[in-house]
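**Q** Sequence first, then the predicted structure:
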Amino acid sequence: DDDDDDDALLYGDAEPVQGATQDKTSGGRSGTADASASGSAAAGSHAAGAVDEEQDDEFSNVVYPEHRNDLERTSWAFLVTMDGALLVIDLATCKECFRCPTFSHAPRLATDMPPSAHGSMETETSSGSKKSKGRQRVDGTTPKRSKRKGSEAAAEGYSEQFRISDICVASLGQGATPHIAIRNFDNHLVLYKMFHFSHKRNKKYAGRLKLRLQKTHHRTLRLHEHISKSFPLPIRAFQNISQYDGLFVCGPRPFWFISSPQLKACHLREMPIDGPIRCFTDFHHPSVPYGFLYFTEEGAMKTAVFPREMNLERPAMTHQIKQKSTVNFIDFDPTTEVYVVIRSEEIPAMFVPKRRGEDEALGRNPADYAPDAIPAPDHQFSLSLVSPFDWKTVPNSTRVFEPSWHVTSMKICNLTSTASESGVKPYLLLAVCPVFGEEMMETRPQLQVYDIQEVVPEPGQPTTKHRLKHLLTHEDHGVVTAVNAVGGNVLGIIGSADGVKIFVWEMVDEEHLEPIAFMLTEIHVHLTVVLSNFILIGDYTRGITLLRFSKYISNKKEKKQPMVLNVVGRDNFESNVYAMDFLVHGDQLLVLYVDDRANLVILGYDAYAEQAQGGQILLRYSIANLGGQKCVSLLRSKCQPYIPGKGMSAVESDSHFVQYHTLDGSIGTISCISEDKYRRLFSLQEKLVLLLEHRAGLNPRTYINYQSHSPLEARHRRTTLDGQMLNQFFMLSLVQQRDLARQVGVELQRIYHDLVEVDDSTNWL
């Protein structure tokens with residue numbers, strides 16, 4: 001029946017690739033596909049997986065070598081014809097077992113389309129005597145009829161843009177799943193994953209491979225078109241390079257597809273060192289254990305290995321260092337190249353504080369517990385230095401605080417100093433306070449200042465050259481909830497019964513702090529960010545406020561002009577700020593923060609706007625949501641320079657992008673783009689929302705909508721684009737991409753350039 005054949009071709013019965021068991025009624029045999037192809041046609045001897053070579057019964061299943069050891073090894077050749085068809089040939093019988101005529105269009109799902117009994121599929125489709133069965137291509141378009149021969153029509157409609165120039169097949173990931181990587185003359189790099197698919201109700205698939213190819217989702221992979229014709233880009237498969245398998249793409253912009261036997265995912269890693277790479281191969285030698293060898297563009301041969309401490313099988317490269325205690329704060333000193341770490345561990349409380357009396361001195365009484373009682377928990381904080389060379393604590397650098405003292409804030413700041421030639425030197429600011437209150441302790445909350453010095457190291461211990469020197473201790477009545485530096489002076493937020501106070505101190509001769517500016521502010525400020533003389537403070541209940549630290553302008557002639565803190569503007573809506581930072585875009589300075597509902601808000605200052613009330617209120621330029629993921633920190637970095645092509649100078653960017661980190665362990669980026677680029681990508685995003693099939697039928701617009709109980713907060717511009725949605729554009733076939741660009745009204749190359757430029761500017765992994 002024709003209808004049954006069409007249903008089986010479109011849907012079929014999918015079965016899992018791994019763990020497939022052999023059917024008892026099967027009389028066929030299975031084999032391993034040895035595929036390590038390079039160029040337009042290749043055959044190899046490395047086991048890439050197992051596929052079914054059905055001979056007599058179409059109901060036979062795949063059996064992998066790890067399940068049976070008596071399988072007969074077979075070899076296959078992966079060929080790409082001039083008209084863009086993918087063929088899989090059994091080298092033993094020289095028989096075609098798989099054909100995908102539209103493979104050069106990079107479809108999302110590549111299926112087997114065997115030739116009919118009267119000839120090839122193209123001849124049958126173009127023949128005027130036979131009617132079309134309404135069958136569609138993989139990319140979703142219906143082939144048009146032509147009165148000419150199928151080969152002539154295909155040659156005329158086939159563009160060199162779709163022609164495949166390189167192909168490579170390798171086993172990647174858990175279970176050695178076969179993958180195939182292709183590159184066309186337009187520098188599109190696509191990775192396909194093979195999986196088992198059975199046609200149980202269609203007899204014309206008898207004797208053919210039960211195989212389908214699915215395009216895997218990864219980052220934007222497209223090189224510049226000015227480089228491809230003058231620089232070959234071979235794709236090389238490698239195995240067991242520091243226990244990693246994958247593919248390496250040579251060229252002006254080399255990168256890796258890395259996978260491990262423990263995970264199914266295949267991640268992308270760029271190789272920015274040594275510039276363009278001509279050729280590559282894995283290399284194992286006692287001096288280079290499980291490494292690799294490559295040649296640069298200058299002809300230099302180099303060998304290298306992966307760092308053992310780095311984990312490359314995750315989306316972001318990580319280096320895990322086991323700690324026996326909780327890490328509360330961490331910061332890096334660029335001058336001495338050492339990390340400052342604040343740790344805390346839970347200990348039993350052995351003492352209780354003694355309340356202040358009229359005739360009694362302060363002190364502590366030992367805790368008296370019953371024999372079967374569980375001691376009350378307490379926390380003990382410690383300060384230490386960690387060297388990035390061996391990732392160990394520097395000897396004799398740990399300072400342990402009393403059990404009743406907690407570290408509330410820590411930061412390395414540049415303060416004015418006469419000991420440095422530049423007049424500025426990094427110091428460590430540390431805020432500690434007693435947890436029982438000042439009435440029950442001998443001392444008050446303190447703000448301590450340390451200096452990280454370099455000394456003569458001990459013999460055999462090069463990391464002992466760093467020492468912590470305590471300079472001064474400043475006591476106050478309130479708890480210091482946040483510390484920072486502005487204009488070479490110490491900035492501190494003090495919370496007390498009288499309210500929250502903002503102090504700016506000047507460090508005099510590294511002996512004491514002298515206040516030079518003061519201001520009363522909100523309820524509980526726990527975040528401070530400083531950029532030049534602008535101060536951004538985040539309150540846990542009242543939102544954010546933008547301040548400015550400047551000199552006091554007066555008509556009196558004074559030797560030393562006083563400094564003041566002025567309020568520039570604040571957010572009109574109250575929110576619980578979790579993380580905040582500045583966002584620089586050219587000559588514009590924006591403010592970005594994330595609240596407890598994972599809402600992302602971008603604010604700006606405009607004194608001439610009617611809603612700003614003379615600049616007292618910061619205008620909301622954009623609102624969005626991070627998908628319910630609670631953000632805990634933000635990190636601002638400068639955008640990477642964009643290189644348009646070979647021989648062209650890098651275009652320096654004057655914008656910054658922000659990395660956000662969530663409690664779920666995810667990492668994302670936020671960047672500003674130009675207005676014309678935003679209009680093009682916004683139109684593309686609206687088309688993708690309607691075109692793509694979303695999971696469970698959910699609307700992606702709702703996923704990034706601003707969440708609030710007040711309808712007034714949501715009445716603002718939504719000028720934030722979803723990068724994950726835009727990257728789905730590369731999952732479409734090349735024909736669908738061309739049609740979608742025509743609907744948007746721009747050239748396809750323009751969309752490629754915009755997406756690649758945004759991805760390259762925020763490429764930090």
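**A** Received it, and whenever you're ready, just let me know what you need. Just so it is clear, the model here is predicted, and its values are computed rather than measured.
**Q** Can you pull out the low-pLDDT segments for this protein?
**A** Scanning the chain for pLDDT under 70 picks out 1-71, 116-161, 201, 218-232, 353-364, 437-443, 552-561, 642-651, 764-765.
**Q** Give me the longest helix you can find in it.
**A** In the chain, assigned by DSSP state H, the helix with the most residues is helix 675-691.
**Q** Quick check: buried residues in the next helix or strand along the chain from it?
**A** Counting by DSSP states H and E, the next helix or strand C-terminal to helix 675-691 is helix 700-703. Neighbour-count burial for helix 700-703, counted by 16 or more other C-beta atoms under 10 Å, picks out 700, 703. Where C-beta positions appear, they are placed from N, C-alpha and C, glycine not excepted.
**Q** roughly how far out does the helix or strand following helix 700-703 sit from the chain middle?
**A** Counting by DSSP H and E, the next helix or strand C-terminal to helix 700-703 is helix 723-727. Taking C-alpha atoms, centre = their mean, to the nearest Å, one finds the center of helix 723-727 at 13 Å from the center of the full chain.
**Q** can you check stretch 401-417 too?
**A** That offset, for stretch 401-417, works out to 31 Å (C-alpha atoms, centre = their mean).
**Q** Next: stretch 177-189.
**A** Relative to the chain's own centre, stretch 177-189 is displaced by 23 Å; criterion: C-alpha atoms, centre = their mean.
**Q** May I have it exported as PDB, CA atoms only?
**A** Output of stretch 177-189 as PDB, limited to C-alpha atoms (Å, rounded to 0.1, in the frame of the first residue of the first chain):
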ATOM      1  CA  THR A 177      28.200   6.200  19.100                       C
ATOM      2  CA  PRO A 178      29.000   6.800  15.400                       C
ATOM      3  CA  HIS A 179      29.200  10.500  14.400                       C
ATOM      4  CA  ILE A 180      29.700  12.000  11.000                       C
ATOM      5  CA  ALA A 181      31.100  15.600  10.500                       C
ATOM      6  CA  ILE A 182      30.800  17.400   7.200                       C
ATOM      7  CA  ARG A 183      32.000  20.700   5.800                       C
ATOM      8  CA  ASN A 184      30.800  22.400   2.700                       C
ATOM      9  CA  PHE A 185      32.300  25.100   0.500                       C
ATOM     10  CA  ASP A 186      30.500  27.800   2.400                       C
ATOM     11  CA  ASN A 187      32.300  26.800   5.500                       C
ATOM     12  CA  HIS A 188      29.400  25.300   7.400                       C
ATOM     13  CA  LEU A 189      30.500  22.600   9.800                       C
END
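**Q** Show me what counts as buried in it.
**A** 177-189.
**Q** Could you do stretch 398-406 as well?
**A** Neighbour-count burial for stretch 398-406, counted by 16+ other C-beta under 10 Å, picks out 401, 403-406.
**Q** Dump those residues to CSV, plus secondary structure and distance to Gly299.
**A** CSV is the format used below for the buried residues of stretch 398-406 (DSSP: H, G, I helix; E, B strand; the rest coil; distance: C-beta to C-beta, whole Å):
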residue, secondary structure, distance to Gly299
Phe401, coil, 58
Pro403, coil, 64
Ser404, coil, 66
Trp405, strand, 62
His406, strand, 60
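**Q** next structured bit after the helix or strand hosting Leu415?
**A** With elements taken from DSSP H and E, the one containing Leu415 is strand 405-416. Next in sequence after strand 405-416, counting helices and strands by DSSP H and E, comes strand 424-434.
**Q** Show me what the helix or strand following that next one is packed against.
**A** Where DSSP H and E defines the elements, the next helix or strand beyond strand 424-434 is strand 446-454. On a contact count with 3 or more C-beta pairs under 8 Å, 6 or more residues apart in numbering; DSSP states H and E, strand 446-454 meets strand 424-434, strand 466-475, strand 479-486, strand 489-496.
**Q** wait, which of these is closest to Ser387?
**A** Between Ser387 and the helices and strands packed on strand 446-454, the tightest spacing by C-beta to C-beta is seen for strand 466-475, at 7.4 Å.
**Q** Neighbouring strands - and their directions - for the closest one?
**A** strand 446-454 (antiparallel) (DSSP bridges).
**Q** Could you pull up the contacting residues of the closest residue to Asp595 other than its chain neighbours?
**A** Using C-beta to C-beta, 6 or more residues apart in numbering and skipping residues adjacent in sequence, the residue nearest Asp595 is Ser575, 4.3 Å away. By C-beta atoms under 8 Å, 6 or more residues apart in numbering, the contact list for Ser575 reads 543, 593, 595-596, 599, 601.
**Q** for the buried residues of stretch 177-189, which one is nearest Ala92?
**A** Of the buried residues of stretch 177-189, the one sitting nearest to Ala92 (C-beta to C-beta) turns out to be Pro178, at 18.4 Å.
**Q** Tell me if I'm right that the closest one and Tyr192 touch.
**A** No: with contacts counted by C-beta atoms under 8 Å, Pro178 stays clear of Tyr192, the gap being 9.1 Å.
**Q** Please enumerate the strands of the stretch 101-250 of the chain.
**A** Ranges of strands in the stretch 101-250 of the chain, per DSSP state E, counting those that start in this stretch, are 109-110, 164-172, 177-184, 189-198, 211-215, 235-241, 244-249.
**Q** wait, doesn't Asp390 sit right on Thr463?
**A** Yes: using C-beta under 8 Å, Asp390 is in contact with Thr463, at 6.5 Å.
**Q** Which of those two has more residues huddled nearby?
**A** Neighbour count, other C-beta atoms under 10 Å: between Asp390 and Thr463, Thr463 has more, with 19 against 11.
**Q** Can you tell me the SS state at that one?
**A** Of the three states, Thr463 takes helix according to DSSP: H, G, I helix; E, B strand; the rest coil.
**Q** what comes up buried for the helix or strand Ser382 falls within?
**A** Element membership for Ser382, per DSSP H and E: strand 377-387. Going by neighbour count (16+ other C-beta under 10 Å), the buried part of strand 377-387 is 378-387.
**Q** tell me which of those residues is nearest to Ser287?
**A** Looking across those and measuring by C-beta to C-beta, the closest to Ser287 is Ser387, at 26.8 Å.
**Q** Before I go, just wanted to say thanks for your time.
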